[in-house]
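Participant: sequence and predicted model, in that order:
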Amino acid sequence: MQKQWDNPITRTMPAHTRVPAEVTIGNVRIAPATVLAPMAGVTDTVFRRFIKNASLFTEGSGLTDGLPDVDQETSNQRSGCGLIMTEFTSADGLSRMRAVKRKRYLTYYDDEHPISAQIFGSNPETLADSARICQDAGFDMVDLNLGCPAKRVISCNGGSGLLRDLPQIEVIFKRVRAAVAIPFTVKFRMGWNDKNIVCVPLAKLAEDCGLNAVALHARTREDGYSGNARWQYIAAIKDAVKIPVIGNGDILTPEDAVAMVAETRCDAVMIGRAAPANPWIFRQIAQYTANGDYDRPTEMDRYRMIRTYFGMLVGETESEHPEIYGPAETDAEKKQKRNRESAHREAIGKMKQFASWFTHGVVGGATLRKQIFEAKNGDAVLDAVERFFVGKMEHSDEESVIEEMTLEALGQGCD
Ligand SMILES: Cc1cc2nc3c(=O)[nH]c(=O)nc-3n(C[C@H](O)[C@H](O)[C@H](O)COP(=O)(O)O)c2cc1C
């Protein structure tokens, strides 16, 4: 059966609408009003900084500057991505963990501000505790996940499992609100299924309990990632509350982002799966807002981008364990060596995942994906990338040869 996401809607840019230049959540200014969605296994510190750098944009600079050097230092003012969020983290885990271990989950760098930490769970006390931990770690905001459809999260009544229990959500909202002074937000789906759509009362509850913004992924838990996101529910929430509403679901292009704002009047847009496939999307939205048009990446830009991301991944792995490049003799050294090897394996896994998303829509991308999945180590991944792009550039005029990007290609995840 042909699923609807095989056929993303092709939109033209509404002439008189723009993604808002800014939104204020509590005391935090988000400029522009764009958010990188939390994505487990994807939005770690390397990916977040990569996206912020790829989004660099100097207002009024016109469109002839070429794409930015992603190695540059970022500054919030000039990044087209206004807010980044961590992958979701278990509140039970965070509140139990020793401080050293927590660092692994809560690592971020100064150039990531403003940054929001997302937590999930169902126990009001541990959620309040872990919100406090995030506040103490210097996060600008804390977000509660009420959208994750994964069975292992729902089985503990977390994520979208809680959507069936508004009274419990109210207890959680109040406990967490009382525990932290930083802005507190919630990200949710429309409800468990079509018979149980609760997003409007849930948004009102959030407002009444003092939360500072709500974000809706406009699907139910039972929808998974099928069909098109139903943006009309974002509009319904916008009609119901005064706190900022962040719209999420199926934004693939700057045209989609603007169309969501036009259709829903949402205060900010949140982008997930499109970011690894098109890391320039936030910059393109900022360019469109300023100039009415935006750059399209060339093959050369894609090549530089993938190499930069892989370099950052390897760099982060090494910077975590600078002391352990000698031979491992003592037990402690052997343990460190094992940690390093595991970090490297994780980095290679991320390279493979990213390469898969990033090359969907690139002509001949399937060949590259196959080579990357067969690669045994980081160097082999980089070699495959190099051979592929250099070969393409030798045989083309470096113009962008991007096929239609589909949501199916970008896969599904947990939220
Ligand atoms: C791989 C993957 C992991 C995800 N992990 C999370 C998560 O940790 N927390 C969350 O709130 N949503 C998560 N999501 C959902 C996204 O944040 C977003 O709501 C969803 O992908 C719809 O937006 P999009 O159409 O722009 O991708 C995840 C999605 C994907 C694809």
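Facilitator: Sure, I can see it.
Participant: for the stretch 201-350 of the chain, which residue gets nearest to the ligand?
Facilitator: Across the stretch 201-350 of the chain, the shortest distance to the ligand (Cβ to the nearest ligand atom) belongs to G272, at 2.8 Å. To be clear about C-beta, it is placed using only N, CA and C from the backbone, and glycine gets the same treatment.
Participant: pLDDT score for that residue?
Facilitator: At G272, the pLDDT value in this model is 97.
Participant: can you count the residues close to it?
Facilitator: 21 (other Cβ atoms under 10 Å).
Participant: please begin residue numbering at 16 from this point
Facilitator: Sure thing, new numbering starts at 16, so read that last one as G287.
Participant: quick check on the residue lying closest to it once chain neighbours are set aside: phi, psi?
Facilitator: Here the nearest residue to G287 in space, its sequence neighbours aside, is A52; by Cβ to Cβ, 6 or more residues apart in numbering that works out to 3.4 Å. In terms of degrees, to the nearest 10, the main-chain angles of A52 are phi -70, psi 150.
Participant: my guess is A52 contacts V284, does it?
Facilitator: No - distance between A52 and V284: 9.9 Å, which falls outside the contact criterion (Cβ atoms under 8 Å).
Participant: what sits in contact with each of those two?
Facilitator: Common contact partners of A52 and V284 (Cβ atoms under 8 Å, 6 or more residues apart in numbering): N263.
Participant: enumerate the residues of the stretch 166-315 of the chain near the ligand.
Facilitator: Neighbours of the ligand within the stretch 166-315 of the chain, by Cβ under 6 Å from any ligand atom: K202, H232, N263, G264, D265, I266, I286, G287, R288, A289.
Participant: which one among the residues you listed gets closest to Y303?
Facilitator: Checking these against Y303 with Cβ to Cβ, the nearest one is I266 at 12.8 Å.
Participant: now do the closest one, the pLDDT please.
Facilitator: At I266, pLDDT is 96.
Participant: who has more neighbours out of A52 and V284?
Facilitator: The neighbour comparison of A52 against V284 (other Cβ under 10 Å) goes to V284, with 30 against 25.
Participant: that one is in what secondary structure piece?
Facilitator: strand 283-286 (DSSP states H and E).
Participant: what's downstream of that strand, the next helix or strand?
Facilitator: Counting by DSSP H and E, the element after strand 283-286 in chain order, helix or strand, is helix 289-292.
Participant: which strands and helices lie in contact with the helix or strand following that next one?
Facilitator: The helix or strand immediately downstream of helix 289-292 is helix 296-306, counting by DSSP H and E. Packed against helix 296-306 by the contact rule (3 or more Cβ pairs under 8 Å, 6 or more residues apart in numbering; DSSP states H and E) you find strand 49-51, helix 60-69, helix 269-279, strand 283-286, helix 289-292.
Participant: report all helices and strands that the last one contacts.
Facilitator: Read that as helix 289-292. If contacts are counted by 3+ Cβ pairs under 8 Å, 6+ apart, helix 289-292 sits against helix 296-306, helix 346-373, helix 422-425.
Participant: swap in the fourth one?
Facilitator: Other elements packing on strand 283-286 under the criterion 3+ Cβ pairs under 8 Å, 6+ apart are strand 49-51, strand 260-263, helix 269-279, helix 296-306.
Participant: please repeat the previous calculation with a cut-off of 6 Å.
Facilitator: Applying 3 or more Cβ pairs under 6 Å, 6 or more residues apart in numbering; DSSP states H and E, one finds that strand 283-286 contacts strand 49-51, strand 260-263.
Participant: understood, closing this out.
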